[in-house]
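[1] next one to model:
(chains A and B)
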Amino acid sequence: MPLAGSLDIRNLLDDAPTVTLDDRELRLDDVDILQVLYEIGASDVESLIPPALNPTIPPVISFLAYRAPDSVFGPFSLVQTRLTARAAVRPRAYLVSARCDNPTAAEVLSSSWGYRIEPAEIRLRRFHDRVECSVVAHRQTILQVALVDPQPITGHDIQYAPGMHLARVQTDEGTKPRLVQVDTEYEFRRADRGRPELGIFDASAWGDERLIPLEPVSASFTACDVTIPAVRYVCNPDIPAAEGTQNVGSP
Amino acid sequence: MEFGLFMELSVPRPWTAESERTAYVNALEQVRLADELGFDYVWAVEHHFLEEYSHCSAPDMFLTACAMQTSRIRVGHGIVACVPQYQSPIRIAERAAVLDILSGGRMELGTGRSATWTELGGFRANADETRKTWDEFVRVIPKMWTQERFSWHGRAFSMPERAVLPKPIQQPHPPMWVAVTSPGTEIDAADRGLGCLGLQPGGFQESEKKVKEYRSRIQSCDPVGAFVNEKVHTVNFLSCNEDGDHARRAGLRVASIFSYMASQLLSAKEVLPTSAYPSAGLLPALRREAGGPGDTAKSFKGVTMGTPDDVAAALRKWEAVGYDGINFFINFMEVLPQQYVLDSMRLFAAEVMPQFRQARDVAPVAVGVD
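    This is a model prediction of the structure:
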């Protein structure tokens, strides 16, 4: 049988977001997205993700940065650190944590979709020779990644796995720990790929010092319209996703 | 129709010297029995680093063991990875020729290019290049076999004039195939005069369309080798027992765990923004088919599971689609007892196989199967 996650989520629940399930949908136009992927060490891969999920071999960390020039909250940037995983047979990305530079956007992303967010200064800049992103929190740079030497490709060649966000979800029976599945939709206008480059990654600042990027995998940059639909599935983090997934979407 | 076994050599955790050996010993016993029963082929994959799913990283050695313990069954690479970071085409040609000699001319060479980041990344291979390198490899390998001395100045591979030795004993050379998982690869196979080694479960109508297109296209091919190998094989799960329900439960257990484990692999497409690996490859197809671990509730269309009559009925549908052969997964992760697997093979050979041997020379009727 494949390896299964063994992360003890109790330590993470105290500061996990509380989600109220509703039919909120968020549309973001003309979003720039930088994704940089690195392999991380596999020796303790099970302990990095909850029991509901299976790790991939090798485990891969993704740095996913959005820059939304306009939204109902005004412009904002969001950077997520995620781990590749499986929910039963489906590709998923487990959210370790995120940073956002707009408090209002952060509050809504957290309360509706379970983004574990802290404030930070984020810069996502596109040049002809590179696209780079930096995240500064408490005056320390906690992430500096780049795509080097961009080359145009089609949006069909890009995949962003749905997110799995650990949260306390309010239900009729009270608040329960759940993985909130975030099935973000993308309509691509332009896409580039290039060489991944990682300058700084402060794993402790992102929530798990065991995340040590080792091998570059890929980097992509896209311009697209993004829709974050209402949550349709949540999953009990303590049991395999095949058994613990619940449809909470509108009938 | 022709029938074969398809060997992944999966090894469930916990890994011990005994568990690794058991997987290989059981597989060899199955191959010996298949040889006695009249199966036509044993195919062995080449996979690297695929934990539990496949520990068959040196298929030529396994196939040599198969060849030395059998007398009739053909031994096939299903497939050898034509990726320069894995191996040079010289080494493929040399090793395949040795296997051909030792097997007494029973070697078949399936070719392919890997589809997981786990493997490609492990060798630091360039995923964008694998289609191109595969194409170059399949052009040079038959020349290495048929020309006394050979030289090449290519894109991925070059060598000065040398005799690539030994030469295989099959004349003009062993049959060559290509693994078909990505859409359109059957066209690549046809254009190059290569056999089509299907590895992807599919529906009848979709399969019939692909086979028809392959048959049509290969008529005007420019073969990479000295002859055209116009055969189309597919894969299926074999579980044959007088108790049909028992056979289906056992077979679906194998099919479900196979698809589940395959779905855990990290596909190249998932992490690499590249058009070299289209999204609709083997893994998404298996994800559609897979249940959970131990889930036997979900049925696969056209599975060769059940009583001998059930299995024969399913085979007739695949035969009508136009396939020349079916290669069976008979166990995976050792989820079925070895004795059950051997009994299933015996019953299939006694009751089902003869029905299709008689029809071997009859042209397939490739018309609308439900």
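
[2] for the stretch 51-200 of chain A, what lies in contact range of chain B?
    A:54, A:56-58, A:60, A:84, A:86, A:88-91, A:153-154, A:156-159, A:161, A:191, A:193 (C-beta under 8 Å from any C-beta of the partner chain). Where C-beta positions appear, they are placed from N, C-alpha and C, glycine not excepted.

[3] tell me where chain A has helices.
    A:10-13, A:103-113, A:203-206, A:241-244 (DSSP state H).

[4] dump those to CSV, plus mean pLDDT and mean neighbour count.
    Formatted as CSV, these follow (pLDDT from 0 to 100; neighbours: other C-beta atoms under 10 Å in any protein chain shown):
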stretch, mean pLDDT, mean neighbour count
helix A:10-13, 92, 12
helix A:103-113, 98, 19
helix A:203-206, 96, 18
helix A:241-244, 95, 19
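
[5] helices along chain B, start to end?
    So, for chain B - with DSSP H - the helices run B:17-37, B:59-68, B:89-102, B:117-122, B:130-146, B:185-191, B:204-218, B:244-263, B:268-271, B:282-289, B:308-321, B:338-347, B:353-358.

[6] pLDDT of the shortest one, averaged?
    Helix B:268-271 shows a mean pLDDT of 94.

[7] what stretches of chain A score poorly on pLDDT?
    A:250-251 (pLDDT under 70).

[8] returning to what we had before: mark which of the residues of the stretch 51-200 of chain A next to chain B are buried, thanks.
    Listed as buried from those are A:54, A:56-58, A:60, A:84, A:86, A:88-91, A:153, A:157-159, A:161, A:191, A:193; burial here means 16 or more other C-beta atoms under 10 Å in any protein chain shown.

[9] isn't B:Arg106 right up against B:Met68?
    No. The pair B:Arg106 and B:Met68 fails to qualify as a contact (C-beta atoms under 8 Å) at a distance of 11.2 Å.

[10] who has more neighbours, those two?
    Shown here are B:Arg106 and B:Met68; by other C-beta atoms under 10 Å in any protein chain shown, B:Arg106 has more neighbours (23 against 12).

[11] okay, that one: pLDDT?
    98.

[12] out of everything not next to it in sequence, what's closest to it?
    Counting by C-beta to C-beta, 6 or more residues apart in numbering or on different chains, B:Arg74 is the residue found nearest to B:Arg106 once chain neighbours are left out, at 4.6 Å.

[13] who are the contact partners of the one you found?
    B:Gly4, B:Asp40, B:Tyr41, B:Val42, B:Ser103, B:Arg106, B:Met107, B:Glu108 (C-beta atoms under 8 Å, 6 or more residues apart in numbering or on different chains).

[14] ok, it to chain A distance?
    Per C-beta to the nearest C-beta, to the nearest Å, B:Arg74 is found 33 Å from chain A.

[15] tell me the pLDDT at that residue?
    At B:Arg74, pLDDT is 98.

[16] what number of residues lie near A:Gly74?
    By other C-beta under 10 Å, neighbour count at A:Gly74 equals 11.

[17] OK, contacts around the closest residue to it other than its chain neighbours?
    Nearest residue to A:Gly74 in three dimensions, chain neighbours excluded: A:Asn102, at 6.4 Å (C-beta to C-beta, 6+ apart). Contacts for A:Asn102 (C-beta under 8 Å, 6+ apart) come out as A:Phe73, A:Gly74, A:Pro75, A:Phe76, A:Ser77.

[18] can you tell me the closest non-neighbouring residue to the residue of the stretch 51-200 of chain A found nearest chain B?
    Nearest residue of the stretch 51-200 of chain A to chain B: A:Val89, at 3.6 Å (C-beta to the nearest C-beta). Nearest residue to A:Val89 in three dimensions, chain neighbours excluded: B:Ser263, at 3.6 Å (C-beta to C-beta, 6+ apart).

[19] looking at it, that neighbour is touching A:Ala87, isn't it?
    No. If you go by C-beta under 8 Å, B:Ser263 and A:Ala87 don't touch, sitting 10.5 Å apart.

[20] my guess is A:Glu187 contacts A:Ile158, does it?
    No. A:Glu187 lies out of contact with A:Ile158 (C-beta under 8 Å); the separation is 11.6 Å.

[21] ranges for the strands of the stretch 101-250 of chain A?
    A:117-119, A:121-126, A:130-137, A:140-153, A:163-171, A:174-182, A:185-201, A:213-228, A:233-235, A:245-247 (DSSP state E, counting those that start in this stretch).

[22] check which residues of the fifth one are buried.
    The reference is to strand A:163-171. Using 16+ other C-beta under 10 Å as the test for burial, strand A:163-171 gives A:Gly163, A:Met164, A:His165, A:Leu166, A:Ala167, A:Arg168, A:Val169.

[23] and the first one, what is it in contact with?
    Read it as A:Gly163. A:Gln80, A:Arg82, A:Arg92, A:Ala93, A:Tyr94, A:Leu95, A:Trp113, A:Gln181, A:Val182, A:Thr184.

[24] give me the subset of the contacts of A:Asn102 lying in strands.
    Here DSSP state E is the test, and these give A:Phe76, A:Ser77 as lying in strands.

[25] which among the contacts of A:Asn102 end up buried?
    A:Phe73, A:Phe76, A:Ser77.

[26] chain neighbours aside, what residue packs nearest to the last one?
    Same thing as A:Ser77. A:Ser77 sits nearest to A:Ile122 (C-beta to C-beta, 6+ apart), 3.8 Å away.
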